[in-house]
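Enquirer: With the sequence up front, the predicted model follows.
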Amino acid sequence: MFIDPHAHMVSRTTDDYEAMAAAGVVAVIEPAFWVGQPRTFVGTYVDYLSSLVGWERFRAGQFGIRHYCTVGLNSKEANNEALADGVMEWLPRFAMKEGVVAIGEIGYDEQTPLEDKYFRAQLALAVELELPVMVHTPHRDKKRGTSRSMDVCEEMGLDPSWVVIDHNNEETVRETLDRGYYAGFSIYPSTKMGNARMVELLRQYGGERIIVDSACDWGISDCLGVAKTARLALDSGIDPEIVHRVTYANALAVYAKSGQMHEDDWLDPPPIDQRTLFEGNSILRGGREPRIDGPNPRRDARFID
Amino acid sequence: MATPLGLLRRWVARQAGPHAAWFDAKIDALTHTDDVRELHRFLGLAPRRLGRADLALTPSELALADTAHAGWNPQGWSVDGAARVAALLAFDANGAERVARFPARFHDLIRTADARELVALFRGLALYPAEACALDADVGEGLRSNMRAVFESIAHANPYPCEHFDTHRFNHMVLKALFVGSALSPIVGLDARANPELARILLDYAAERHAAGRPVSPELWRGVAPFIDSLDAYPALAQALAGSVPERAAATLALLQADTPAARELLSGVPELTALAATGTLHWNNLPRQEAA
């Protein structure tokens, strides 16, 4: 079983959901981000957040995958001050929705003063609402931007064990782990981080607080990044316990701090969900009464494939 | 007589465990405020504090619900969903403009609702303090939803469509139910709202599906039944009588309702099903569950 804790599913097809389910992905976390081009109305952003807590969650549930999300104002669109102010007014309402496991992905892109302003404001919101944070680290001037992101988190009073610093690489991981943060790695086929490089990192750093994700979106990316990395790691002799932690348990540990994500959500879903929003294997389709006579047989939480 | 709000408060509080006092205090507080942020906060906290278990109701409590509001059936509601509806009923209860302001507030909540919240909000439709039809635009969006659970929160076990929908909207709700594979029997007032236009569309739909070699839900014949004679639906029903067990059972029930010479002649070919219907063993809410062939 895998969790893909960074997947922009609004950009993916039903084929992808089927493939992910078949590969053993039981839950995804969809961080709010931009959608490839900037939004110009607050209302389009509101509808986007609404789709993350509504339609996309339902869509994932149809394939037996539990869908969670993070809500936030991303660094790119933070540079449109009018839009950003408008989005900030709506964010607290969305942060309280079911299945919202963090504020994110937030942080820096070009490291502008506006990005800094809204990054800080959202960190304060996360502290106030007691939510974890998913930090998007910049692609350019990465090493310094990553250090700065952590500096600001600490200035704003965040506990590093509640923060995932994502899109790490060989240059940033040491500091991220040493400062007590979770270190996310986005497996991209050719750019950010490849499977083989990831396996070498696991060999070097072990499994503590490391999280593997696919970051699949509208660009060239692989929604099976987590499953394929797990396979390569196991084939390369990495301890199965380490593989389990980085592809499942660590993401669950940090995002469960929100109180909105529990292993039972997919292992033993409540009857109301089985009747309505989550179609696991036990659900009968076609308008007939679903079987609600007892809990699902529990799937083995430790199965890795 | 108990009000819907009174019933919901009692049922939620009794399953709220250590949070019963919190729930009661919050509902009291919401009654005396028009600060919508308080409402937002409660709606967000409801599942976190109260959990998501099914509301545990006895048959006599379901009868109380039906007395409090005709047709209201809270079976299958969840504790947090019931609490959310209670909050909407309580909010700003003494406000002068309450009824006039309710539709805008409801629209605002729907706009940002998560999936389970949508289900809860729509299930309470019949109970809200709003003028007839004032919520129609949002209800229309709910019916158009691709999330079947959201559609069913309006269509199933909810007296609102029967009370408020015009014939066109009611008919399209029934048709959508068939198209998305939802059952018809939980639709409140299905028989009372039967109409020749719906029957004609259903008959066309059955013919279209038959031509394509695809099955129809046997429940479809329930909407055709009152108009079999006027629409000359006998050939279609004869076809259904040659179909799967559920189809034959439904066609039998429809023909029994028609009670014409032509209907009786067709029924003479299915004496065993006619006998089952006569004893009450076979009825519309108890069609055989076997898939149409």
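Expert: The structure has been received and is ready for your questions. Numbering: from 1, shown residues only, chains lettered A, B, ... in the order given.
Enquirer: Low-confidence ranges, chain B, go.
Expert: Within chain B, the segments meeting pLDDT under 70 span B:289-293.
Enquirer: what does it have sitting close to chain A?
Expert: Residues of chain B lying close to chain A by C-beta under 8 Å from any C-beta of the partner chain are B:40-41, B:43-45, B:47-48, B:52-54, B:76, B:78, B:111-119, B:146-147, B:149, B:152, B:177, B:180-183, B:217, B:289, B:291. Every residue, glycine included, has its C-beta placed from N, CA and C.
Enquirer: among those, which ones are buried?
Expert: B:40-41, B:43-45, B:47, B:52, B:54, B:76, B:78, B:112-119, B:147, B:149, B:152, B:177, B:180, B:182-183, B:217 (16 or more other C-beta atoms under 10 Å in any protein chain shown).
Enquirer: What ranges does chain A have for its strands?
Expert: Applying DSSP state E to chain A gives strands spanning A:2-4, A:25-31, A:66-71, A:100-107, A:133-136, A:163-166, A:182-186, A:210-213.
Enquirer: which helices and strands does the second one pack with?
Expert: What it means is strand A:25-31. If you count contacts as 3 or more C-beta pairs under 8 Å, 6 or more residues apart in numbering or on different chains; DSSP states H and E, strand A:25-31 packs onto strand A:2-4, strand A:66-71, strand A:100-107, strand A:133-136, helix A:264-267.
Enquirer: Output it as CSV, restricted to C-alpha atoms.
Expert: C-alpha atoms of strand A:25-31 as CSV (Å, rounded to 0.1, in the frame of the first residue of the first chain):
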residue,chain,number,x,y,z
VAL,A,25,-2.0,3.6,-4.0
VAL,A,26,-4.7,3.9,-1.3
ALA,A,27,-4.6,7.6,-0.7
VAL,A,28,-3.5,10.8,-2.4
ILE,A,29,-3.0,14.3,-1.1
GLU,A,30,-3.7,17.0,-3.6
PRO,A,31,-2.0,20.3,-2.7
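Enquirer: What mean pLDDT does that strand get?
Expert: Strand A:25-31 carries an average pLDDT of 97.
Enquirer: cool, the third one as well?
Expert: Model confidence over strand A:66-71, given as mean pLDDT, is 98.
Enquirer: So which of the residues of chain B next to chain A are in strands?
Expert: Judged by DSSP E, strands contain none of the residues of chain B next to chain A.
Enquirer: and residue A:226, what does it touch?
Expert: By C-beta atoms under 8 Å, 6 or more residues apart in numbering or on different chains, residue A:226 lies in contact with A:2-4, A:25, A:187, A:212-214, A:247.
Enquirer: Closest residue of chain B to chain A?
Expert: residue B:44 (3.0 Å; C-beta to the nearest C-beta).
Enquirer: what's near enough to touch that residue?
Expert: A:93, A:96-97.
Enquirer: Tell me the one among those residues nearest to chain B.
Expert: Within those, distances to chain B taken as C-beta to the nearest C-beta reach their minimum at residue A:96, with 3.0 Å.
Enquirer: Give me the phi and psi angles of residue B:91.
Expert: With angles defined as degrees, to the nearest 10, residue B:91 sits at phi -60, psi 130.
Enquirer: was I right about residue B:226 contacting residue B:199?
Expert: Yes: in this structure, residue B:226 is within contact of residue B:199 by C-beta atoms under 8 Å, at 7.0 Å.
Enquirer: Neighbour count: those two, which is higher?
Expert: residue B:199 (23 against 18; other C-beta atoms under 10 Å in any protein chain shown).
Enquirer: Can you report phi and psi for that one?
Expert: Dihedral angles for residue B:199 - degrees, to the nearest 10 - are phi -60, psi -40.
Enquirer: Can you give the distance of the longest helix along chain A from its chain's centre?
Expert: Longest helix of chain A, by residue count under DSSP state H: helix A:113-129. Helix A:113-129 sits 19 Å away from the centroid of its parent chain (C-alpha atoms, centre = their mean, to the nearest Å).
Enquirer: Quick one: mean pLDDT for it?
Expert: pLDDT averaged over helix A:113-129 gives 97.
Enquirer: Identify the residues contacting that helix?
Expert: Under the criterion C-beta under 8 Å, 6+ apart, residues A:72-73, A:75, A:78-79, A:81, A:84, A:88, A:91-92, A:95-96, A:102-103, A:106-109, A:131-133, A:149, A:152-153, A:155-158, A:162 lie in contact with helix A:113-129.
Enquirer: Ok, stretch B:27-34 next?
Expert: B:9, B:38-39, B:42, B:86-87, B:90-95.
Enquirer: Which parts of the stretch 101-250 of chain B are strands?
Expert: Applying DSSP state E, counting those that start in this stretch to the stretch 101-250 of chain B gives no strands.
Enquirer: looking at chain A, which helix or strand does the model trust least?
Expert: When each helix and strand of chain A is scored by mean pLDDT, DSSP states H and E, helix A:271-276 comes last, with a mean of 70.
Enquirer: just so I have it, where are all the helices in chain A?
Expert: A:14-22, A:42-53, A:55-61, A:81-95, A:113-129, A:142-155, A:173-178, A:195-205, A:225-235, A:240-244, A:250-255, A:264-267, A:271-276.
Enquirer: Could I get the contacting residues of residue A:70?
Expert: By C-beta under 8 Å, 6+ apart, the contact set of residue A:70 is A:29-32, A:100-105, A:134.
Enquirer: What about chain B: which of the contacts of residue B:44 touch it?
Expert: Answer for those near chain B (C-beta under 8 Å from any C-beta): A:93, A:96-97.
Enquirer: so which of those is the most crowded?
Expert: Going by other C-beta under 10 Å, residue A:97 tops the ones next to chain B among the contacts of residue B:44 with 25 neighbours.
Enquirer: Report the contact partners of it.
Expert: Applying C-beta under 8 Å, 6+ apart to residue A:97 gives the contacts A:53, A:71, B:44, B:112, B:114, B:117.
Enquirer: Repeat that for residue B:124.
Expert: Taking C-beta under 8 Å, 6+ apart, we find residue B:124 in contact with B:84-85, B:88-89.
Enquirer: which helices and strands sit right next to the strand or helix carrying residue B:66?
Expert: Element membership for residue B:66, per DSSP states H and E: helix B:59-68. In terms of contacts (3+ C-beta pairs under 8 Å, 6+ apart), helix B:59-68 is packed against helix B:4-15.
Enquirer: Can you tell me what sits against the helix it packs on?
Expert: For helix B:4-15, the external contacting residues (C-beta under 8 Å, 6+ apart) are B:2, B:20, B:23-24, B:27, B:50-51, B:53, B:55-57, B:61, B:64-65, B:68-69, B:72, B:74, B:79, B:82-83, B:85-86, B:89-90, B:127.
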